[in-house]
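Peer 1: One predicted model, sequence on top.
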There are 2 protein chains.
Amino acid sequence: MVNRQFVLAARPEGMIRETDFRMVESTVPPIREGEFLVRARYLSVDPYMRGRMSAARSYAPSVEIGQLMTGGGVAEVVESRNAKFRTGDIVNFQMGWQEYAISNGENVRKVDPSLAPISTAVGILGMPGLTAYYGVTEICAVQPGETFVISGAAGAVGSAAGQLASIRGAHVVGITGGPKKVDYIIRELGFHDAIDYKANSDISAALRETCPHRIDAYFDNVGGTTTDAVVAYLNLHARVGICGQISQANDSAPSLAPRMYRHLLVARARVQGFLVWDFTRTEEALVELAGWIASGDLKYHEDVIEGFENMPKALIGLFLGENIGKRVVRVA
Amino acid sequence: MVNRQFVLAARPEGMIRETDFRMVESTVPPIREGEFLVRARYLSVDPYMRGRMSAARSYAPSVEIGQLMTGGGVAEVVESRNAKFRTGDIVNFQMGWQEYAISNGENVRKVDPSLAPISTAVGILGMPGLTAYYGVTEICAVQPGETFVISGAAGAVGSAAGQLASIRGAHVVGITGGPKKVDYIIRELGFHDAIDYKANSDISAALRETCPHRIDAYFDNVGGTTTDAVVAYLNLHARVGICGQISQANDSAPSLAPRMYRHLLVARARVQGFLVWDFTRTEEALVELAGWIASGDLKYHEDVIEGFENMPKALIGLFLGENIGKRVVRVA
């Protein structure tokens, strides 16, 4: 059986290019006692992968040149010598960018196909949904009546975070790019207001208009001038969660901006970087998320790209702002 | 009886000047039932006063032109029609820059002269000491074995904060300016190491040398390039407390620096602005501080300027880095 894999061919300089990846083929080896073989059904592309491609210090090791690209996937067990995993089981784990993978079951989560479409295991019921959940409940600690601002509002994490803040009773303002995404977060997801950063050259003015009582909590996926404007307009004891900085991801050096510490002092505000793996209430969080999906309070959209061979294109598109909701690649 | 007061004459542009203040004289009015009259013994000068002189938004209202300058003082009751305060009592409150003040007792704290010299009520056993206490215990949450860095290390807050972190078992590195201050924090206060920012053009290199295990907690009184270097060198789950930004205090607009959000994300670190009034365990904190003073674990130095008329000079000197320890003005 032939396995196709994407390995890292070159470290990107600036924007990722398709030539930074190389597809290789190999024969799947036989599985040993305790192992099982899975075939990918959906592979995830996420902004954090840009960091893994770089040699710069980050929260996880870099992928080395020639190594399999890292990433989460939803897969079906096709052969098993492990009593806990049976043929036909659907599983979720960091299987990498490949069609087949062998596992011993470590850090593998079983997916319940009766709960929601299995692709959600890398979306609203997976890492992005959990990131939104912990960011809103723990880091931003959103309270009823507060003003909550979210950047990257139409993305996988942002679209969930805005709805979760709304469920907690906040006034939710999403920042996103283009009328289609503005429409999506207001009409489909029920955000209270939106700022189209592509149509607004003055984000500060747009914030004053949409957030008359200033900003109590900010969930940042984007960084850059959007974040500068928000941090200059925080309320007393505001909380800022730094989840991603996608606008800065392809920069070779940190960009310059006015120092923001004085704003934090005046507002006695908190800025905190966080990662989903810092939190452990996963089972409880997934039950809550599934409940809100069932009740219709939490909607999600999947942006499905067809074909394993399109993994690099799918990832690059995230940084061009192509996706609405969670982008996944369906493996034929 | 003639009272001398300093009122705000002009809003400073850039560095404070003596002409931004004006001394006025008036007759002390008779006290009414429930009131008492105090005579200043020590008046405090603190970096936060620069903010009160400005019209810019801050955590407390600005002083208006022509209004009495705000500030804390230690005073003696010289006449009383309030049963709770007797002639000879020593009190501490925000009495402003004046020799005499009338109070009804609201927000007035009695000072116990047997505990320590009364001037400490605006120093180590007052706002600066409490700021250090809450910053180290609550905001930085310093743990044994961690690396703690403090800027403005020879100042009123910094010198206390470094020792408190040391009492909690941290490796303490102070950043300060000039050999005299370096000597003071190492030899007198027992800091483990020091960085002289005036002698080091490369603060990042100095941090790598003095903090081989990176930085777990940073207490910032200074801001600017020092803080930029520290934030780029944080450890996983580091805590940064923003207490002051004295290096930026006289700037008319925020200065530019590389954006630091990526560092917070990679380290999953927290940056928090804080103010002593956000915390309420005052009695408990003062008992602890007095205990460490008595045991010799917590040392303090007072930089006493003689004469009420020298209040403006005394304040300006803070921004020139003149003081070691807490600067107070002794009123004749």
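Peer 2: That came in fine, so what should we check first?

Peer 1: so what's the residue most central in space within chain A up against?
Peer 2: Residue closest to the average C-alpha location in chain A (C-alpha atoms, centre = their mean): A:Pro128, at 4.2 Å. Counting by C-beta atoms under 8 Å, 6 or more residues apart in numbering or on different chains, A:Pro128 touches A:Asp46, A:Val122, A:Ala156, A:Val157, A:Ala160, A:Lys326. All C-beta spots, glycine's among them, are computed from the backbone N, C-alpha and C.

Peer 1: List the ones among these that fall in helices.
Peer 2: Those of the contacts of A:Pro128 mapping onto helices are A:Ala156, A:Val157, A:Ala160, per DSSP state H.

Peer 1: Relative to chain B, which of those is nearest.
Peer 2: Nearest to chain B among the ones in helices among the contacts of A:Pro128, counting by C-beta to the nearest C-beta, is A:Val157 at 13.2 Å.

Peer 1: Name the residues of the stretch 51-200 of chain A found near chain B, please.
Peer 2: Contacts of the stretch 51-200 of chain A with chain B, taken as C-beta under 8 Å from any C-beta of the partner chain, map to A:Arg57, A:Ser58, A:Tyr59.

Peer 1: Pull out the buried members of those residues.
Peer 2: Among these, those classed as buried by 16 or more other C-beta atoms under 10 Å in any protein chain shown are A:Ser58.

Peer 1: Dump the contacts of A:Pro128 to TSV, plus pLDDT, neighbour count and distance to B:Lys313.
Peer 2: Shown next, in TSV, are these (pLDDT from 0 to 100; neighbours: other C-beta atoms under 10 Å in any protein chain shown; distance: C-beta to C-beta, whole Å):
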residue	pLDDT	neighbour count	distance to B:Lys313
A:Asp46	96	23	58
A:Val122	98	28	65
A:Ala156	96	33	59
A:Val157	98	28	54
A:Ala160	98	29	58
A:Lys326	97	28	63
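
Peer 1: now those residues in JSON lines, with distance to B:Asp297?
Peer 2: Below are the contacts of A:Pro128 laid out as JSON lines (distance: C-beta to C-beta, whole Å):
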{"residue": "A:Asp46", "distance to B:Asp297": "50"}
{"residue": "A:Val122", "distance to B:Asp297": "54"}
{"residue": "A:Ala156", "distance to B:Asp297": "52"}
{"residue": "A:Val157", "distance to B:Asp297": "47"}
{"residue": "A:Ala160", "distance to B:Asp297": "50"}
{"residue": "A:Lys326", "distance to B:Asp297": "55"}
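
Peer 1: Spell out the residue ranges of the helices in chain A.
Peer 2: Per DSSP H, chain A carries helices over the ranges A:49-53, A:127-134, A:156-167, A:179-183, A:203-210, A:224-231, A:261-267, A:282-295, A:311-319.

Peer 1: Name the residues that touch the first one?
Peer 2: Translated: helix A:49-53. Residues contacting helix A:49-53 (C-beta under 8 Å, 6+ apart): A:8, A:11-12, A:16, A:20, A:58-63, A:69-71, A:249-250, A:315, A:319.

Peer 1: Generate a PyMOL selection restricted to the buried entries among those residues.
Peer 2: Applying 16+ other C-beta under 10 Å to the contacts of helix A:49-53, the buried members can be selected in PyMOL as follows:
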select buried, chain A and resi 8+12+16+20+58+62+63+69+70+71+249+315
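
Peer 1: Looking at the residues of the stretch 51-200 of chain A next to chain B, which has the smallest pLDDT value?
Peer 2: Minimum pLDDT for those is recorded at A:Tyr59 (77).

Peer 1: contacting residues around that one?
Peer 2: By C-beta under 8 Å, 6+ apart, the contact list for A:Tyr59 reads A:Gly51, A:Leu275, B:Leu265, B:Val266, B:Ala267, B:Arg268.

Peer 1: of those residues, buried ones?
Peer 2: A:Gly51, A:Leu275, B:Leu265, B:Val266, B:Ala267, B:Arg268.

Peer 1: Touching, the second one and B:Val266? I think so.
Peer 2: It stands for A:Leu275. No - applying C-beta atoms under 8 Å, one finds A:Leu275 not in contact with B:Val266, separated by 9.4 Å.

Peer 1: Flag every buried residue along stretch A:165-178.
Peer 2: Neighbour counts over stretch A:165-178 (16+ other C-beta under 10 Å) mark A:Ala165, A:Ser166, A:Ile167, A:Arg168, A:Ala170, A:His171, A:Val172, A:Val173, A:Gly174, A:Ile175, A:Thr176, A:Gly177 as buried.

Peer 1: Right, I'll call it a day here.
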